[in-house]
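*Asks:* heads up, no residue letters with this:
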């Protein structure tokens, strides 16, 4: 997007922008893949020694294919503490 600094190049819009006060253009290089899973951990920011804390995770399928029988392994300090199959 040209912010008016370079006079040889400019941003051309094919629509009437009358009345628009805020304009944002989002450019993404993200490609949709056949198999694309995202795992997010939900954990407390702090805990106490010897007290169990809840840890959960959410798996989101961003891919084109339905996924099943996906195994998620959770390690803490190199030790396997949980296995869940989605």
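*Replies:* Sure thing, it's come through. Everything quoted here is computed from the prediction, not taken from an experiment.
*Asks:* middle-most residue in this protein, spatially?
*Replies:* residue 38 (7.1 Å; Cα atoms, centre = their mean).
*Asks:* Would you state the strands of the chain in chain order?
*Replies:* Along the chain, the segments classed as strands by DSSP state E run 37-42, 56-61, 71-76, 79-85.
*Asks:* right, and these - which one's nearest residue 49?
*Replies:* strand 71-76 (13.7 Å; Cβ to Cβ). Using the backbone N, CA and C atoms, a C-beta is placed for each residue, glycine as well.
*Asks:* Now the closest one: average pLDDT?
*Replies:* In this model, strand 71-76 carries a mean pLDDT of 88.
*Asks:* Identify the residues contacting the closest residue to residue 58 other than its chain neighbours.
*Replies:* Sequence neighbours aside, residue 40 is the residue nearest to residue 58 in space, at 4.9 Å (criterion: Cβ to Cβ, 6 or more residues apart in numbering). Residue 40 sits next to 57, 58, 60 when contact means Cβ atoms under 8 Å, 6 or more residues apart in numbering.
*Asks:* Residue 65 now?
*Replies:* Per Cβ under 8 Å, 6+ apart, neighbours of residue 65: 34, 35.
*Asks:* one more time with 10 Å
*Replies:* Contact partners of residue 65, counting by Cβ atoms under 10 Å, 6 or more residues apart in numbering, are 33, 34, 35, 36.
*Asks:* The first one and residue 65, how far apart?
*Replies:* Between residue 33 and residue 65 the distance, using Cβ to Cβ, to the nearest Å, works out to 9 Å.
*Asks:* ok, now the second one?
*Replies:* Using Cβ to Cβ, we find residue 34 at a distance of 5 Å from residue 65.
*Asks:* And residue 65, how far from residue 59?
*Replies:* For residue 65 relative to residue 59 (Cβ to Cβ), the value is 14 Å.
*Asks:* Return the per-residue confidence for residue 85.
*Replies:* The predicted structure lists residue 85 with a pLDDT of 89.
*Asks:* Pass me the low-pLDDT residue ranges in this protein, would you?
*Replies:* 1-14, 25-28, 30 (pLDDT under 70).
*Asks:* ok, residue 35 - contacts?
*Replies:* Contacts of residue 35 (Cβ under 10 Å, 6+ apart): 61, 62, 63, 64, 65, 67, 70.
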